[in-house]
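[1] structural data only, the sequence is not supplied:
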DNA sequence: GCCGTTGTCAACCAAACGGTTGAACAAGGG
DNA sequence: CCCTTGTTCAACCGTTTGGTTGACAACGGC
């Protein structure tokens, strides 16, 4: 079972059935049987999927008589969006910088449209991962 | 190999090593060997990871002599953020509606903090998946 | 022209995944 | 009190995944 939370969330949403269940749960809480109804898999399989979603923190279950209503825990999404936005922004920023550079020295034999940011030709950059945020990433 | 693009992207980012490589590539393009250097796995393993990222559309490789510079294709992130935001919004909206309802009829024996949206008690909702966007999603 | 560098392909392996069936557990309702 | 309903646990099975080693293709430098 993937140790770090971010991996768990991404991994949980990597399955179309599970994404589908999240979509259903965004409409409202549901029981396991209700969730299983649209699919031609057994209830046990759905239960397993829910466990994955629960481990990822995307879903919570409360007991209510013999039923176990499943509830979408939407705030976990933030984990992903934060991660994604960081690198999206960073990539855009880099592109902008490169663009500026190419514009500022237009005679230099340009190294091809997509290249390293010149001030960091290809050095170590041993810890590219964001210092804290990423889980155990960097292993 | 996961058929739908969204699954491929989520799945590609479900691995910490691959997320790490994306983080590295946000800084600037890199060759396979450069990417492999921080890890104690073989170059072949890194090559495999890159293939996964490439299949997900997160990365592109161009030939440059015997080197194969890897480039981050940041716009694929939009696929995920769009999906996530939809359900995040939907869940918030639902919560707001439920909240309003509870406030508007304060005497009714409340069914417990988290429950179905009353106007949709637990009907079929046979196709919870977003009609178009999902799996065939944007594709 | 060969050699070293860079990267991929192929075959293999252990572990994880998504699914199944069958049994068990939990809580009401007759 | 048993029986039905709802859900999970356990064992098993085929496929996928992340990793390995070994061979080989492509190219540039000397």
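    Nice, thanks for sending it over. All values derive from a computational prediction rather than experimental measurement.
[2] from memory residue A:67 sits against residue A:34, does it?
    No: counting by C-beta atoms under 8 Å, residue A:67 sits too far from residue A:34 to count as a contact (9.5 Å). Every residue, glycine included, has its C-beta placed from N, CA and C.
[3] more crowded one of those two?
    Taking neighbours as other C-beta atoms under 10 Å in any protein chain shown, residue A:67 and residue A:34 compare with residue A:34 leading, 20 against 14.
[4] does the helix or strand containing the more buried one reach DNA strand D?
    Assigned by DSSP states H and E, residue A:34 belongs to helix A:32-36. Yes: residues of helix A:32-36 contacting DNA strand D under C-beta under 7 Å from any atom of the strand: A:32, A:33, A:34.
[5] how about CSV for the residues you listed, with distance to residue A:95 and pLDDT added?
    Output for the residues of helix A:32-36 next to DNA strand D, formatted as CSV (distance: C-beta to C-beta, whole Å; pLDDT from 0 to 100):
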residue, distance to residue A:95, pLDDT
A:32, 46, 96
A:33, 50, 95
A:34, 46, 95
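[6] now, which of those residues sits nearest residue B:14?
    residue A:32 (24.3 Å; C-beta to C-beta).
[7] tell me which residues touch the closest one, please.
    Contacts for residue A:32 (C-beta atoms under 8 Å, 6 or more residues apart in numbering or on different chains) come out as A:43, A:46, A:47, A:50, A:68, A:70.
[8] could you redo the last one with a cut-off of 10 Å?
    Residue A:32 is in contact with A:43, A:44, A:46, A:47, A:49, A:50, A:61, A:67, A:68, A:69, A:70, counting by C-beta atoms under 10 Å, 6 or more residues apart in numbering or on different chains.
[9] ok, now how distant is the second one from residue B:60?
    This means residue A:44. Using C-beta to C-beta, to the nearest Å, one gets 41 Å for the distance from residue A:44 to residue B:60.
[10] those two: who's more crowded?
    residue B:60 (14 against 10).
[11] run the chain-centre distance for stretch A:37-54.
    21 Å (C-alpha atoms, centre = their mean, to the nearest Å).
[12] could you list the buried residues of that stretch?
    By 16 or more other C-beta atoms under 10 Å in any protein chain shown, the buried positions in stretch A:37-54 come out as A:38, A:46, A:49, A:50, A:52, A:53.
[13] avg pLDDT for that stretch?
    Averaging pLDDT along stretch A:37-54 gives 96.
[14] counting by contacts, list what the longest helix anywhere in chain A packs against.
    Ordering each helix of chain A by length in residues (DSSP state H) puts helix A:77-104 first. Helix A:77-104 is packed against helix A:5-13, helix B:5-13, helix B:16-27, strand B:70-72, helix B:77-104, with contacts defined by 3 or more C-beta pairs under 10 Å, 6 or more residues apart in numbering or on different chains; DSSP states H and E.
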